[in-house]
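A.B. asks: Build the 3D model from these lines:
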Amino acid sequence: MSQLDDLAFFQRLARAGSLTATARELGLSLSAVSKRLKQLEARLGVSLAHRTTRRLTLTAEGELYLSRGAAILDELGELEETLGDHRAELSGPLRINATFGFGRRHVAPLFSDFCALHPHIEGSLELTNFPASLFEQGFDIGIRVGAPPDSRLVARRILANRRVLCAAPAYVERMSPLRDPRDLSSHPCLVIRENGSDHTVWRFQRRDTPGEERAVKVAGPMASNDGEVVRRLARDGHGVALRSWWDVHDDLSAGRLIELLPEWRGVRADFHAVYHQRRHVPLRIRAFVAYLEREMAGRVPSRSLPRSVLTGESPQ
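C.D. replies: Modelled structure (predicted):
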């Protein structure tokens, strides 16, 4: 095996997180993967990882070998991408991370179409409850709400989005007056519970005076840790929900949900594709991000989007 092969093997091992997972990904036996790691450590003269069959923990030397080795592989990949940019055919690995709700409904269909257009792409879409770290878990692209605070990442907005206060017609017919966000304290609100915490503070901006804001603590007898469940509860008339526009625009258009307090609006929650800042971004990454931008604009019905979402106005 060449030194570059060793670097690629160790990068895959660190990404998989265990000998067993690496063996499964490579289609090798567990003993073969363990033997190769031992041979690599013997050649380098250092221990690279503490391991069991279930978990792998890198040593300080392993962390150094991984980080410096990844930079070398990236440089080589970028060189080959630069030489091959003139070709129309895209190829190579493309690992994407998105959260479950948005990933299932919007990213997965586009991922499928993109890979069909470019059959030599080795695509992987992994959905998680919370955004995964691109650096720690080796993803090429992450789909996120909001721009990332990490200056090492580039963010491209793929979908303008705001949160919408809404309820089913059956609930609207019987509900108590709702003239101001503060009136929500007397309404059953359907909240998201994630990781042991309640998302019970809802934030609004007055549509004609963006500088005027309301932060309202809400409560209700029903909750879930899943946005799809909350949307279903709202459609069934159990109370008021604050959901992203991408999640409820079909229900609003069909009349299954009704927007409440139209003179107020939820805060911005735009979706971005984020990827590593580097001198040369591989063509397959640039192409997929551009594809997301173009197709997202076409698949979410823009004629039904509020003007504030389409124009990309930012909170004051």
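
A.B. asks: can you map out the strands along the stretch 151-300 of the chain?
C.D. replies: Assignment of strands within the stretch 151-300 of the chain using DSSP state E, counting those that start in this stretch yields the ranges 153-159, 163-167, 189-194, 197-198, 201-206, 209-217, 223-224, 240-244, 258-259, 264-266, 271-276.

A.B. asks: With respect to residue 74, which of the ones you listed lies nearest?
C.D. replies: Relative to residue 74, the nearest member of the strands of the stretch 151-300 of the chain by C-beta to C-beta is strand 271-276, separated by 8.3 Å. In this view, the C-beta of every residue, glycine as well, is placed from N, C-alpha and C.

A.B. asks: Just checking: what are the partner strands of that closest one?
C.D. replies: strand 141-145 (antiparallel), strand 153-159 (antiparallel) (DSSP bridges).

A.B. asks: what's the most buried one of those?
C.D. replies: Ranked by mean neighbour count, the strands paired with strand 271-276 are led by strand 141-145 with a mean of 21 (mean count of other C-beta atoms under 10 Å).

A.B. asks: got a list of contacts for that strand?
C.D. replies: Strand 141-145 is contacted by residues 94-99, 102-103, 107, 131-132, 134, 155, 158, 161, 269-275, 285, 288-289 when judged by C-beta atoms under 8 Å, 6 or more residues apart in numbering.

A.B. asks: related to what we said a few turns ago, can you say which of the strands of the stretch 151-300 of the chain is nearest to residue 43?
C.D. replies: Nearest to residue 43 among the strands of the stretch 151-300 of the chain is strand 271-276; the distance by C-beta to C-beta comes to 29.0 Å.

A.B. asks: In the sheet, which residues pair with the nearest residue to residue 134 once chain neighbours are set aside? Tell me.
C.D. replies: Of all residues not flanking residue 134 in the chain, residue 142 sits nearest, at 5.3 Å (C-beta to C-beta, 6 or more residues apart in numbering). Under the criterion DSSP bridges, residue 142 forms beta bridges with residue 97, residue 274.

A.B. asks: shift numbering so it begins at 17
C.D. replies: Noted, 17 is the first residue going forward, which turns the last one into residue 158.

A.B. asks: what does the model give residue 158 for pLDDT?
C.D. replies: Residue 158 carries a pLDDT score of 95 in this model.

A.B. asks: Relative to residue 44, how far out is it?
C.D. replies: Counting by C-beta to C-beta, to the nearest Å, the gap from residue 158 to residue 44 is 29 Å.

A.B. asks: Equivalent analysis for residue 183, please.
C.D. replies: To residue 44, residue 183 is 55 Å away according to C-beta to C-beta.
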